[in-house]
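Peer 1: below is the sequence, then the predicted model.
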Amino acid sequence: MLLLLAGCLSASAQQGAEGKAVNTDTITNFSTYKRAITFSGLLQTRFLGSLTPNVDVNGKNFDPGATTGKITNTFMLKRVRFAAKGTVNDHFSANLLMNLAEFSSDPSNKVLENAFVKYTLNKYLNVQAGQFRPFFGIEDVVPNDIIRTLDYSNQYYAFGASGWQSFQTGIAVFGNVDPAGRFRYYAGAYNGNNRNQANDNDNTKNVYGRVEADLLKGLTLGVNAAQGSLGAGNGNALGVDVKSRVALNERWEVSLGGEYKSGTNFALYNTLTVKPTLKDVRMQGFYIFPIVRYNYNMRRVRAIEFSSRYEYFNENYKLDHNSRQTIIPNVSLIFADDFYAALQLGVSIDMYQHTIPLTTANNHNLAYLQLQVRF
């Protein structure tokens, strides 16, 4: 295996060197032009501790007299990811991504995350097919190894459970609209019943579209729209997001991300015994995520970041209004550029409009210490 890997890497390096020297006008067979294979990985390990009495590390309120379900602190492996990218030539590539940490629980319909083939004609047209995250917001294009806080937003996971985001199986096209790349488009169709499913659960495909525009230097605006089904009639989702970054000087920089979404909550609707009108089962929420970064640029400590994401989310705002607010102050100590080695410390503070005993819908605080290494 090691010899095979070494051979692949050697062939990749040789082909890359040849690719730079070759005049493409003289190539009569592009079968192996720029052929390469690369591997990468991520290890995220963390310690969690509940700061709220009678609440476990998953945020669930428990009966103090209960004999089980009272775990208030734990070490855990959040992500153990392995990724491989195989470039066939300058047009075709294949991508695989697995999260081996899923084996610590029931791995059914988990583990495999990305598995898609990508065709690149030019910067205006890219096509990918397989299992991937649809481009439906700024979190879909942020790898989880550089989330720069505890995790993705609550709305990301809720919209993923209803088939609007997270890993889905289908096809997508995307690219630049103008030569400078200031305007970009994304569109596609997919099953909408989440990852690692043998077939779609209905004959309706989810379709989505997104446009992005760099309005100013360091300021990007995105607009999203989608419609589809999860075996329960047709629904839709809409969203708008913004991200910006400003370098104050050589050491200090400030960035800001924000997003609003509203959509049909298929996941909740499918659990209800008495079915209301589908169009009335909707979720909505927004978050803002400011980050202040100081670049040390020392040999062993590259930077330190201070952030505090605020999120408002309501999973059923038309019929059963119980909003959830989450604040996550976070400090990240970065030991290698691009978050290749980082230590993060923070607290996740959850506040519900109405608390429900013995459920996760209760006010609670969770402290975390996370160490991650990319390779």
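Peer 2: Perfect, I can see it now.
Peer 1: how far away is residue 317 from residue 208?
Peer 2: With distances taken as Cβ to Cβ, to the nearest Å, residue 317 is found 22 Å from residue 208. Any C-beta I mention is one placed from the backbone N, CA and C, and that applies to glycine too.
Peer 1: and the two? Which one has more around it.
Peer 2: residue 208 (26 against 18; other Cβ atoms under 10 Å).
Peer 1: skip the chain neighbours and tell me the closest residue to that one.
Peer 2: Of all residues not flanking residue 208 in the chain, residue 226 sits nearest, at 3.7 Å (Cβ to Cβ, 6 or more residues apart in numbering).
Peer 1: how many other residues sit next to residue 243?
Peer 2: Residue 243: 18 surrounding residues under other Cβ under 10 Å.
Peer 1: again with residue 171
Peer 2: With other Cβ under 10 Å as criterion, residue 171 counts 16.
Peer 1: on that earlier part again, three-state assignment of the residue nearest to residue 208?
Peer 2: Following DSSP: H, G, I helix; E, B strand; the rest coil, the label given to residue 226 is strand.
Peer 1: pretty sure it sits against residue 205.
Peer 2: No: if you go by Cβ atoms under 8 Å, residue 226 and residue 205 don't touch, sitting 10.9 Å apart.
Peer 1: ok, these two, which is more surrounded?
Peer 2: Set side by side, residue 226 and residue 205 show more neighbours around residue 226, with 25 against 16, by other Cβ under 10 Å.
Peer 1: on that earlier part again, residues in contact with the residue nearest to residue 208?
Peer 2: Applying Cβ atoms under 8 Å, 6 or more residues apart in numbering to residue 226 gives the contacts 134, 136, 164, 206, 207, 208, 209, 236, 237, 238, 263.
Peer 1: closest one to residue 179 out of these, please.
Peer 2: residue 209 (21.7 Å; Cβ to Cβ).
Peer 1: name the element the closest residue to that closest one other than its chain neighbours belongs to?
Peer 2: Sequence neighbours aside, residue 187 is the residue nearest to residue 209 in space, at 4.6 Å (criterion: Cβ to Cβ, 6+ apart). Using DSSP states H and E, residue 187 sits in strand 183-190.
Peer 1: in the sheet, which strands lie alongside that strand, parallel or antiparallel?
Peer 2: When sheet partners are counted by DSSP bridges, strand 183-190 sits next to strand 168-176 (antiparallel), strand 206-216 (antiparallel).
Peer 1: mind listing what's buried in the shortest one?
Peer 2: When burial is assessed from 16 or more other Cβ atoms under 10 Å, strand 168-176 yields the following buried residues: 168, 169, 170, 171, 172, 174, 175, 176.
Peer 1: for the stretch 51-200 of the chain, what spans make up the strands?
Peer 2: Taking DSSP state E, counting those that start in this stretch to define them, one finds strands in the stretch 51-200 of the chain at 73-87, 92-99, 112-122, 125-132, 168-176, 183-190.
Peer 1: so the longest one versus strand 92-99, what angle?
Peer 2: If you take axes from the mean of the first three to the mean of the last three Cα atoms, to 10 degrees, strand 73-87 sits at 170 degrees to strand 92-99.
Peer 1: how about TSV for the strands paired with strand 183-190, with distance to residue 306 added?
Peer 2: Formatted as TSV, these follow (distance: least, Cβ to Cβ, whole Å):
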stretch	distance to residue 306
strand 168-176	33
strand 206-216	24
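Peer 1: would JSON lines of these with distance to residue 353 and mean pLDDT be doable?
Peer 2: Putting the strands paired with strand 183-190 into JSON lines (distance: least, Cβ to Cβ, whole Å; pLDDT from 0 to 100) gives the following:
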{"stretch": "strand 168-176", "distance to residue 353": "31", "mean pLDDT": "97"}
{"stretch": "strand 206-216", "distance to residue 353": "30", "mean pLDDT": "96"}
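Peer 1: good, we can wrap up now.
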